[in-house]
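**Student:** got a predicted structure here, sequence first:
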Amino acid sequence: MARIFQFKIALLLFVFITQGAVANTIVAEPNNPQKTIKKAFEKAKNGDTVFIKKGIYREGSLTLNKAITIIGENYPEIDGQNKHENLLVQHDNVVIKNVLFSNSGSSSFKDIASLKIKDSKNIRIENCKFKNNFFGIHTTNSTYVSYINNQFNSGKIKGKPSANGIHIWKSKFMTIEGNIIQGHRDAIYLEFVESSTITKNQSIENKRYGLHFMFSHDNIFKNNIFKKNEAGVAVMYSKNVEMIENVFTQSWGGAAYGVLLKEINDSKIIGNEFSDNTIAIYGDGANRIEIRNNKFLRNGWALKMNASSSDAVITNNNFLRNTFDVATNGKLKVKSFNGNYWDKYEGYDLDKDGIGDVPYHPLSLFTVLVEKNSAAMLLYRSFMITLLDKSEKVLPSITPDYFKDEKPLMRSLKL
């Protein structure tokens, strides 16, 4: 029995020596020169926790280069005083929770952010708030970083510029989930980012895009809401991007889109809702795109696909109360345009199989005229255009015939 006890003691000593002492908690307090956040970082060892008590901390630019957990009490405020980068994280295995980052400095040359993550992996930023900053979180050359349930609000100070809420460059395996981002330039910006997921976020009233991809492949964004942004999402120079079950709404303006596709290949747009946008989906150089099970409701244009795009599969979508369902600037080549519901379709179904017996041409002659001469919109709803619509029904041969829905649905899909 004594030998077993001695063995256990020896084992505990071995674990203690090889793994180090039990993790400690270091407390930071406001208005206490001996307990600043900077001093807490200096005292902490890898694996420790820094607990920041409620209050305002103005300590200039802080740097963290240890693997620690930071937990705030009722959102203690790390204030950049409109001139500093609040916190730079440059180490693996860091967790930050329940902290308010406010009033960062601003510089496009230095990419100043309220929180910068650089050359790190296994980072988690959770339940934090970011207020009146230039960049909210700026991340470069990092992997396995998670941004969970944070709130970003910028652009409230008149004359103060704002950059992107979450900005990520040259990184992989990122998780962006449950964040609310408002008032930034782009809510979320990804450049050279791969194999990442963006889910359950809300991008609201941002000055450019709710989400912006550049040269970013093999990513998925799902169950997000993009509302009242200048444009919803831009996917540019990327491939293998999946856009699933998102809401794109109220992006109005001369160059406003729900989704902008620019030089994008082999991607999917499935199960989304596009409502009240100038253009729901705009494609230029969009190749082999699958557009399926989406709802297009009350948009100016539902689909505006340039002839530089090819081989799209567009099926099982609902087109409801859009001004124009489809537009293009040339002879658009699509792989399939069948099996959609068009509320403007006036065909018949004699065999009662739920599929119209005559094809539907979604590209109207007036749409072609508007695409060639935008001033023709002045004639919209005029007697002349009503007469043109009637002529198309009587003489369908005058309608552009380079794509059509051979199997239009008689009833809208339950999406």
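**Tutor:** Arrived safely.

**Student:** residue boundaries of the helices in the stretch 301-415 of the chain?
**Tutor:** For the stretch 301-415 of the chain, the helices defined by DSSP state H, counting those that start in this stretch cover 365-372, 383-394.

**Student:** same check, this time on the chain
**Tutor:** For the chain, helices defined by DSSP state H occupy the ranges 2-19, 37-43, 365-372, 383-394.

**Student:** could you say what helices and strands the shortest one packs with?
**Tutor:** For helix 37-43, the contact count by 3 or more CB pairs under 8 Å, 6 or more residues apart in numbering; DSSP states H and E identifies strand 25-28, strand 49-52, strand 62-64 as packing neighbours. Where C-beta positions appear, they are placed from N, C-alpha and C, glycine not excepted.

**Student:** average pLDDT for it?
**Tutor:** Across helix 37-43, the average pLDDT comes to 97.

**Student:** just the endpoints, please. Distance across stretch 203-216?
**Tutor:** End-to-end distance of stretch 203-216: 19 Å, with CA to CA, to the nearest Å as the criterion.

**Student:** can you list contacts of it?
**Tutor:** For stretch 203-216, contacts defined as CB atoms under 8 Å, 6 or more residues apart in numbering pick out 155, 162, 164-165, 180-194, 196, 198, 219, 221, 224-238, 241.

**Student:** which among these count as buried?
**Tutor:** Among the contacts of stretch 203-216, those buried by neighbour count (16 or more other CB atoms under 10 Å) are 155, 162, 164-165, 180-191, 193-194, 196, 198, 219, 221, 224-236, 238, 241.

**Student:** please flag which of those residues sit within strands.
**Tutor:** Mapping the buried ones among the contacts of stretch 203-216 onto strands (DSSP state E) picks out 180-182, 188-191, 193-194, 198, 219, 221, 225-227, 231-236, 241.

**Student:** tally up the residues packed near residue 46, please.
**Tutor:** Number of residues near residue 46 (other CB atoms under 10 Å) recorded here: 12.

**Student:** that one: what's it in contact with?
**Tutor:** By CB under 8 Å, 6+ apart, the neighbours of residue 46 are 20, 66, 67, 68, 93.

**Student:** at 10 Å what do you get?
**Tutor:** Taking CB atoms under 10 Å, 6 or more residues apart in numbering as the contact definition, residue 46 lies against 20, 23, 66, 67, 68, 91, 92, 93.

**Student:** and the pLDDT for the closest residue to the second one other than its chain neighbours?
**Tutor:** The spatial neighbour of residue 23 that comes closest, neighbours along the chain excluded (CB to CB, 6 or more residues apart in numbering), is residue 47 at 4.4 Å. Looking at residue 47, its pLDDT reads 96.

**Student:** for residue 346, same thing?
**Tutor:** Per-residue confidence (pLDDT) for residue 346: 86.

**Student:** how near is it to residue 123?
**Tutor:** 57 Å (CB to CB, to the nearest Å).

**Student:** if you rank the contacts of residue 46 by neighbours, which is first?
**Tutor:** residue 68 leads the contacts of residue 46 on contacts (other CB under 10 Å) with 23 neighbours.

**Student:** low-confidence ranges, the stretch 251-400 of the chain, go.
**Tutor:** Residue ranges of the stretch 251-400 of the chain with pLDDT under 70: 364-400.

**Student:** mind jotting down where the strands sit in it?
**Tutor:** Counting by DSSP state E, counting those that start in this stretch, the stretch 251-400 of the chain has strands at residues 257-270, 273-275, 279-292, 295-297, 301-305, 310-315, 318-320, 324-327, 333-336, 341-342.

**Student:** now residue 96: closest residue in space, sequence neighbours ignored.
**Tutor:** Residue 96 sits nearest to residue 70 (CB to CB, 6+ apart), 4.6 Å away.

**Student:** which residues does the one you found bridge with?
**Tutor:** Under DSSP bridges, the beta-bridge partners of residue 70 are residue 50, residue 96.

**Student:** ok, how many other residues are close to it?
**Tutor:** Neighbour tally, residue 70, other CB under 10 Å: 26.

**Student:** list the contacts for it?
**Tutor:** Contacts of residue 70 (CB under 10 Å, 6+ apart): 28, 37, 40-41, 44, 49-52, 64, 76, 78, 87, 89, 94-99, 125, 128.

**Student:** go with 8 Å
**Tutor:** Residue 70 neighbours (CB under 8 Å, 6+ apart): 49, 50, 52, 64, 94, 95, 96, 97, 99.

**Student:** show me what the residue nearest to the fourth one when sequence neighbours are not counted is bridged to.
**Tutor:** The reference is to residue 64. Nearest non-adjacent residue to residue 64, counting by CB to CB, 6+ apart: residue 89, 5.0 Å away. When bridges are called by DSSP bridges, residue 89 pairs up with residue 64, residue 117.

**Student:** neighbours of residue 89, how many?
**Tutor:** Residues near residue 89, counting by other CB under 10 Å: 26.

**Student:** look up how far residue 130 lies from it.
**Tutor:** For residue 89, the distance to residue 130 - CB to CB - is 14 Å.

**Student:** over to residue 71?
**Tutor:** Residue 71 is 17 Å from residue 130, by CB to CB.

**Student:** so who does the closest residue to residue 348 other than its chain neighbours touch?
**Tutor:** Among residues not flanking residue 348 along the chain, residue 357 sits closest, at 5.7 Å (CB to CB, 6+ apart). Contact analysis of residue 357 by CB under 8 Å, 6+ apart lists 347, 348, 349, 350, 351.

**Student:** cutoff 7 Å now
**Tutor:** Contact analysis of residue 357 by CB atoms under 7 Å, 6 or more residues apart in numbering lists 347, 348, 349, 350.

**Student:** ok, the first one - contacts?
**Tutor:** By CB under 7 Å, 6+ apart, the contact set of residue 347 is 356, 357, 358, 360, 408.

**Student:** one more time with 10 Å, if that's ok
**Tutor:** Counted by CB under 10 Å, 6+ apart, residue 347 has contacts 355, 356, 357, 358, 359, 360, 405, 408, 410.

**Student:** give the burial count for the fifth one, as a bare number.
**Tutor:** Put plainly, it is residue 359. 17.

**Student:** you'd agree it is up against residue 340?
**Tutor:** No - with contacts counted by CB atoms under 10 Å, residue 359 stays clear of residue 340, the gap being 11.5 Å.
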